[in-house]
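**Student:** Coordinates only, no sequence provided:
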Ligand code: NAD
Ligand code: DAU
C-alpha cells in the first residue's frame, strides 16, 4: 500500500475538502497537508482554523495557475483534488466558472502530476452517470455509461475523462472516486439540507423544488473522507471506485425529517420552481470499494447524523450567517 507523508488537498477550505483535512489530521498523525484553495464564495479559511500549524498549511491560490503549481507541487507525494465549482443551480445560471475550474483546473493539475511524477486522486460525483427513474431497481456501478445532465455534472464528467486519458497515455498513477450526496458540518447554505435548516432558524419557510420526489443517496461526509483515504492508500492504479452508503431518500422525506426534528409543522414549507433538467434519482452500488478495499461506512443512522447536523448549524450561526442573505437573494431572483 501507498503511505503518503506530504499531500496537497485542493479545495481544502470547502465543505468536503475541509472535512477530509480534519479527518487526516485526526486519523493520520504522520501526514502533513498543504491546502490549495482559491477561497471563492464557497471556500472559508474558518473551515480549517485551529488545526495544528505544523500539520496543515494553507496556500491561497488557483488550481488553474500553472506557475503556482510548479512552485508548490515538488516535495509532495500526492494530490487529492476536491476543488471545484460544485453547485448545480449556479451552473445553470452561469456555467463559465465551471468550465474553467472543473475542466481547465483538472488539466493543470494533471500536467503538474505528469511533470513531477506524483500520485493523484480525483474526487468526482455520481452525477456523471445522469439519473435513474424513480421506479428503476438499478443502481450506478463503475461500468454505468456517462450521461451528465447539468453544466456542473458535464464539467465533472469531462474532468474524469481527462484523468483517464492522461493515465492511459502518460502512465500517471491515478484513481477516481464518484460519491453520492454528502451531508454534515461546514456545508454551504446554498445546498439543500443546510438551506432548509438555516431557513427554519430564520423563521423562513423551507423551499422544495418540483414535487419533492427526487431521490438522493445521502452519505455522511466523514464516510466520504474515510473512503477517499482508503482509495488513496490502497486503490489500484487507473481504477474508479463508487462511494455510497445506501442512503436513498426522496427530498420531501428529508425535508419533513428536518422540520419535525426542529419542531415545525411538516407541511409548513413552500413548493418552488423546479430546477431545469432536474435529475430524478441517484443510487450508488459501492460493492467494488467494499469487497476490493474493505471499506465500510460508519455513519449508518441518517436520522442521528441529521440531528447532529442540525445541532451543528444551531451552534455555528456565526459561521454561516455571512453567506445567508446573498444566497437567498440569488435563489429569490431565480424564483426558488
Ligand atoms: P464546495 O463548493 O463546498 O467547495 C469547493 C472548494 O473549492 C472551495 O473551498 C473553493 O474555494 C475551492 N475552489 C473553487 N475553485 C477553485 C480554484 N479555481 N482553485 C482553487 N480552489 C478552488 O464543494 P464540495 O461540496 O465540498 O465538493 C468538493 C468536491 O467533491 C467537488 O469536486 C465536488 O464535485 C465533489 N463532490 C461533491 C459532493 C457533494 O455532495 N457536495 C458529492 C460528490 C462529489
Ligand atoms: O450527487 C452528488 C452531488 O450532490 C454533488 O456532485 C454536488 O456537488 C452537490 O451539490 C449535490 O448535488 P445536488 O444537486 O443533488 O444537491 P443540492 O443540495 O443542490 O440539492 C439536493 C436535492 O434537493 C435536489 O434534488 C434539489 C433539491 N432542492 C435543493 C435546494 C437547494 C430543493 O428541493 N430545494 C432547495 O432549496
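**Tutor:** Okay, I see it. All of these numbers come straight from a predicted model, not from anything done at the bench. Ligands and ions are numbered 1, 2, ... in the order given.
**Student:** OK, contacts around the residue lying closest to residue 335 once chain neighbours are set aside?
**Tutor:** Take residue 335 and drop its neighbours on the chain: the residue closest to it by CB to CB, 6 or more residues apart in numbering is residue 273, 4.2 Å away. Where you see a C-beta, it was placed from the backbone N, CA and C, and this is true even at glycine. Each residue near residue 273 by CB atoms under 8 Å, 6 or more residues apart in numbering is listed here: 209, 334, 335, 336.
**Student:** and ligand 2, which of those contact it?
**Tutor:** Residues of the contacts of residue 273 in contact with ligand 2 (CB under 6 Å from any ligand atom): residue 209.
**Student:** Go ahead and build a ChimeraX selection from the buried members of the contacts of residue 273.
**Tutor:** A single ChimeraX command selects the buried members of the contacts of residue 273 (16 or more other CB atoms under 10 Å):
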select :209,336
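**Student:** Tell me the one of the contacts of residue 273 nearest ligand 1?
**Tutor:** Nearest to ligand 1 among these is residue 209, at 16.1 Å by CB to the nearest ligand atom.
**Student:** and that closest one, backbone torsions?
**Tutor:** According to degrees, to the nearest 10, the main-chain angles of residue 209 amount to phi -80, psi 140.
**Student:** Isn't it up against residue 278?
**Tutor:** Yes. Using CB atoms under 8 Å, residue 209 is in contact with residue 278, at 6.5 Å.
**Student:** Show me which residues of the chain are close to ligand 2?
**Tutor:** Residues of the chain found near ligand 2 (CB under 6 Å from any ligand atom) are 86-88, 125-127, 180-181, 191-192, 195, 207-209, 214, 216, 251, 275, 282.
**Student:** List the ones among those that fall in strands.
**Tutor:** 125, 207, 208, 209, 216 (DSSP state E).
**Student:** which ones are touching the residue lying farthest from the centre of the chain?
**Tutor:** Distance from the C-alpha centroid of the chain peaks at residue 265, with 30.7 Å (CA atoms, centre = their mean). Taking CB under 8 Å, 6+ apart, we find residue 265 in contact with residue 259.
**Student:** can you pull the pLDDT of it?
**Tutor:** At residue 265, the predicted lDDT confidence score is 97.
**Student:** State the three-state secondary structure for it.
**Tutor:** Following DSSP: H, G, I helix; E, B strand; the rest coil, the label given to residue 265 is coil.
**Student:** cool, residue 175 as well?
**Tutor:** For residue 175, the assignment made with three-state DSSP gives strand.
**Student:** bridging residues for it?
**Tutor:** According to DSSP bridges, the partner residues bridging residue 175 are residue 121.
**Student:** in stretch 12-25, what counts as buried?
**Tutor:** The neighbour-count check on stretch 12-25 (16+ other CB under 10 Å) flags 12-25 as buried.
**Student:** Output those residues as TSV; include the columns distance to residue 168 and secondary structure.
**Tutor:** Shown next, in TSV, are these (distance: CB to CB, whole Å; DSSP: H, G, I helix; E, B strand; the rest coil):
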residue	distance to residue 168	secondary structure
12	28	coil
13	32	coil
14	29	coil
15	31	helix
16	27	helix
17	27	helix
18	32	helix
19	31	helix
20	27	helix
21	30	helix
22	34	helix
23	31	helix
24	29	helix
25	34	helix
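**Student:** Next one: stretch 48-61, is it in contact with ligand 1?
**Tutor:** No. Judged by CB under 6 Å from any ligand atom, stretch 48-61 and ligand 1 are separated, with a smallest distance of 6.7 Å.
**Student:** got a list of contacts for that stretch?
**Tutor:** By CB under 8 Å, 6+ apart, stretch 48-61 touches 12-13, 18, 21-22, 25, 31-39, 45, 68, 72.
**Student:** again, 6 Å this time
**Tutor:** 18, 21, 25, 33, 34, 35, 36, 39, 68, 72 (CB atoms under 6 Å, 6 or more residues apart in numbering).
**Student:** what's the neighbour count on whichever residue of the stretch 1-150 of the chain sits closest to ligand 2?
**Tutor:** Using CB to the nearest ligand atom, the closest approach of the stretch 1-150 of the chain to ligand 2 is made by residue 125 at 3.1 Å. Residues near residue 125, counting by other CB atoms under 10 Å, number 23.
**Student:** close enough to count as contact, it and residue 155?
**Tutor:** No. Using CB atoms under 6 Å, residue 125 is not in contact with residue 155, being 10.4 Å away.
**Student:** Skip the chain neighbours and tell me the closest residue to residue 93.
**Tutor:** Leaving aside its sequence neighbours, residue 93 sits nearest to residue 334 (CB to CB, 6+ apart; 6.7 Å).
**Student:** re earlier: go through the contacts of stretch 48-61 and name the one nearest ligand 1.
**Tutor:** Nearest to ligand 1 among these: residue 39, at 5.1 Å, using CB to the nearest ligand atom.
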